[in-house]
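*Asks:* based on what follows, work out the 3D shape:
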Amino acid sequence: MTYDRPPAPEDLEPVESFCDSARFLYGEDSFADPASARSWLREHGHAAAAGALDRAGLELLTGVREAVRGHLEGDAEARRRLTAAAAELLGAPRWDEDGSLAHPVTAQDPVRALAGSVLAALAAAEPSGRRARLKVCRSPECRWVFYDRSPANNASWCSMDICGARHKMRTYRSRRTDR
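*Replies:* Next up is the predicted model:
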């Protein structure tokens with residue numbers, strides 16, 4: 001996939017890269033099995049989580065990833081799943097010495113701590129509204145997560161060259177066949 005968008009800002013990049021562990025458009029999912037998940041975790045600097053990963057941990061990571069993706073799409077059920085996961089993995093919000101809001105990860109297991117850190121990053125971006133710029137591609141077969149840097153915050157596609165162009169072509173063809 002030619003991905004022409006810059007990555008999300010540093011505070012949201014862990015959420016973006018975690019969600020993009022699946023490239024649905026190409027039938028790729030790094031969390032499809034424990035071996036590929038361990039490889040992805042190592043490649044992304046989570047060696048401790050890779051070493052501790054078991055089937056339950058893989059289910060947790062996949063569940064959190066899809067709940068985050070659903071939340072970004074506005075799914076109320078996904079929000080309920082995120083709330084339940086946050087209650088299990090995060091402590092009460094606190095203010096750091098510099099006055100910034102922190103959501104401490106309480107999970108000790110490296111896999112659960114990784115899931116908690118993704119939720120903490122997402123939760124920290126909510127009050128400022130910056131999380132609203134983290135979006136899911138509108139193409140149902142893609143669903144890539146990207147950070148919208150457009151001035152109007154109205155991007156719909158991960159890439160106009162791929163998903164946007166496909167949508168335009170489908171729309172064009174449907175208008176032509178309706179004649």
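
*Asks:* give me the element residue 41 is part of.
*Replies:* helix 34-43 (DSSP states H and E).

*Asks:* burial measure for residue 89, as a count.
*Replies:* 23 (other Cβ atoms under 10 Å). No exception for glycine: its C-beta is placed from N, CA and C like everyone else's.

*Asks:* hmm, I was thinking of residue 12
*Replies:* Residues near residue 12, counting by other Cβ under 10 Å: 20.

*Asks:* for it, give me its contacts.
*Replies:* Residues counted as contacts of residue 12 (Cβ atoms under 8 Å, 6 or more residues apart in numbering) are 121-122, 125, 130-131, 133-134, 147.

*Asks:* centroid-nearest residue for the chain?
*Replies:* Taking Cα atoms, centre = their mean, the centroid of the chain lies closest to residue 19, which sits 2.9 Å from it.

*Asks:* export the contacts of residue 12 to a markdown table and tack on secondary structure?
*Replies:* Shown next, in a markdown table, are the contacts of residue 12 (DSSP: H, G, I helix; E, B strand; the rest coil):
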| residue | secondary structure |
| --- | --- |
| 121 | helix |
| 122 | helix |
| 125 | helix |
| 130 | helix |
| 131 | helix |
| 133 | helix |
| 134 | strand |
| 147 | strand |
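
*Asks:* need the worst-confidence member of those.
*Replies:* Lowest pLDDT among those: residue 130, with 88.

*Asks:* that one: what's it in contact with?
*Replies:* With the criterion set at Cβ under 8 Å, 6+ apart, residue 130 makes contact with 9, 11-12.

*Asks:* quick one, helices of the chain?
*Replies:* Under the criterion DSSP state H, helices of the chain are mapped to 13-19, 34-43, 47-52, 55-72, 76-89, 110-125, 165-177.
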